[in-house]
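Enquirer: with the sequence up front, the predicted model follows.
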Amino acid sequence: MLTARPRPYAVVNPRAALGKSRRLWPALYLELSRTLGVFPWDWTERPLHASTLVRNALGEGCDLIISVGGDGTLNEVVNGFFDQQTSLSRQAALAVIPCGSGGDFRRSLGFDGSVRSALAAVLASDSREVDVGRLSYRSFSGEPADRFFINIASLGLSARVAHLVCRQPSYLGGSGRFFLATLQALLSHRNQHVNLEVDGEPLPPQILNTAAVANGRFFGGGMQIAPRALIDDGLLDLVVLGAVGLRDFFLWGPRLYQGRHLSHPCIHCRKVATVSATGAVSVMVEVDGEPIGTLPTTFSLLPRALRLRVNPGAPGLVSH
């Protein structure tokens, strides 16, 4: 039985990784078109433009959306698949060609640092249904807002780091920029009181450094903050870094990159469906590496809400 050829559409961020995607895209498009045929694509021109482009493409019947850029571009593309909590097309699939400086989501999928390592997944005929996170928060202008995410959203120091990353020298690369931004943030950061409610159960008030709500495993340019996370298990991983500071970062930093930090007495991890956080409005929130607002915020999950093209045996998936 013959299967219909997909109708692809690509969103390309020409500024990702200092223009890496702009330089690579002509050759990548030529290679993709040999299998997929000629298909439409667009450069992104402004923040959140990718979401609009994807919504338009889905409305026109495209059923394979290719994200070419970094984790921020991918987040915008994912948001283009949804309206409130409703998927605009359950038949459409997402494919990822990572060209950003951080490259955190591609690590969960087992892609190496080569852009071309993702092509096999893009051209695969099968896709997997994966979970998508959703958060409600207060925008920096004070208005209530919502955002979807496929990788990780967090609050506290991590959001401060995301704010500082763009100020770091480009020659440091993704991991180096995140590392230096983390050091700078730690020097000025003060852990704060935050009230967490998990699956409707209030937790004791606590002082925390960071709370990460993870669908994927990596954030911060290669930190394996949630080593047990799976993007299709129907749950989020809540990782809470309590009263940790600069000394802990120096002693435990390597373990954080290796995913061996969960034994720290001030770090706790659990599987959850929903998380709510309240506290000072000075506590920032970030999603997929982009600072977007402040507390209060609520994180929830849309189980298996998006089709994703992946290579067989990807480490961030439930084994079938």
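Expert: Sure thing, it's come through.
Enquirer: could you use CA atoms for every contact and neighbour count after this?
Expert: OK.
Enquirer: check the offset of the helix or strand hosting Ile292 from the chain's centre.
Expert: Using DSSP states H and E, Ile292 sits in strand 290-308. Distance of strand 290-308 from its chain centroid, counting by C-alpha atoms, centre = their mean, to the nearest Å, is 9 Å.
Enquirer: with only the CA atoms kept, save that strand in PDB.
Expert: Presented in PDB, the C-alpha positions along strand 290-308 are these (Å, rounded to 0.1, in the frame of the first residue of the first chain):
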ATOM      1  CA  GLU A 290      13.900  32.300  26.800                       C
ATOM      2  CA  PRO A 291      13.000  34.500  29.800                       C
ATOM      3  CA  ILE A 292       9.300  35.200  29.400                       C
ATOM      4  CA  GLY A 293       7.800  36.500  32.700                       C
ATOM      5  CA  THR A 294       7.400  36.000  36.400                       C
ATOM      6  CA  LEU A 295       5.400  34.200  39.100                       C
ATOM      7  CA  PRO A 296       2.700  33.100  39.700                       C
ATOM      8  CA  THR A 297       2.800  30.200  37.200                       C
ATOM      9  CA  THR A 298       1.200  26.800  36.600                       C
ATOM     10  CA  PHE A 299       2.700  24.000  34.600                       C
ATOM     11  CA  SER A 300       0.700  21.200  33.100                       C
ATOM     12  CA  LEU A 301       0.900  18.500  30.500                       C
ATOM     13  CA  LEU A 302      -0.800  17.600  27.200                       C
ATOM     14  CA  PRO A 303       0.000  13.900  26.900                       C
ATOM     15  CA  ARG A 304       1.100  12.700  23.500                       C
ATOM     16  CA  ALA A 305      -0.200  15.800  21.900                       C
ATOM     17  CA  LEU A 306       2.300  16.200  19.100                       C
ATOM     18  CA  ARG A 307       3.800  13.900  16.500                       C
ATOM     19  CA  LEU A 308       7.600  14.100  16.300                       C
END
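Enquirer: show me the shaky parts of the protein.
Expert: Along the chain, the parts satisfying pLDDT under 70 run over 1-3, 125, 170-171, 319-320.
Enquirer: rerun at 50
Expert: 1-2, 320 (pLDDT under 50).
Enquirer: residue boundaries of the helices in it?
Expert: 20-36, 49-59, 71-79, 104-108, 119-123, 157-165, 173-188, 246-258 (DSSP state H).
Enquirer: kindly calculate the angle that the third one makes with helix 49-59.
Expert: Calculated by axes from the mean of the first three to the mean of the last three C-alpha atoms, to 10 degrees, helix 71-79 forms an angle of 30 degrees with helix 49-59.
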